[in-house]
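> need a structure here:
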Amino acid sequence: MAKEEKTRIEELEREFIVPLRASQHAPPRRERASHSILTIKRFMVRHMKGEMKDIWIDPRLNEFLWERSIAHVPSKVRVKAIRFEDGLVEVDLAEDES
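Got it, this is the predicted structure:
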């Protein structure tokens, strides 16, 4: 029983492909990059069982989304997410994307 609890508390690391197609069509042109950040946070809340305030986006991922300006976000992005013991979820750009 104690062994099961120990494995549940350890950190969890996964890779996801987050679809951002809706961030290209739903918001106005000048809100697409910020909408894609919000889309990634919502995706991580759903799949990593965290809370919105506990999602931390790495600056490399933010720069990747903004590198083609505010209006031209990519249609999908591969990310690596790590959930720590205290519930914090760190979202970083996957290694093959950079």
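> list the contacts for the residue most central in space within the chain?
Residue closest to the average C-alpha location in the chain (Cα atoms, centre = their mean): residue 40, at 4.2 Å. With contacts defined as Cβ atoms under 8 Å, 6 or more residues apart in numbering, the neighbours of residue 40 are 18, 20, 57, 61, 77, 79, 91. In this view, the C-beta of every residue, glycine as well, is placed from N, C-alpha and C.
> residue 62 is in contact with the fifth one, correct?
Translated: residue 77. No. Residue 77 sits out of contact with residue 62 when judged by Cβ atoms under 8 Å, with a separation of 11.1 Å.
> more crowded one of these two?
Just comparing residue 77 and residue 62: by other Cβ atoms under 10 Å the higher neighbour count belongs to residue 77, 21 against 16.
> tell me where this protein has helices.
When assigned using DSSP state H, the helices of the chain occupy the ranges 2-9, 22-25, 32-48, 59-66.
> between the ones you listed, which gets the lowest average pLDDT?
Lowest mean pLDDT within the helices of the chain: helix 2-9, at a mean of 56.
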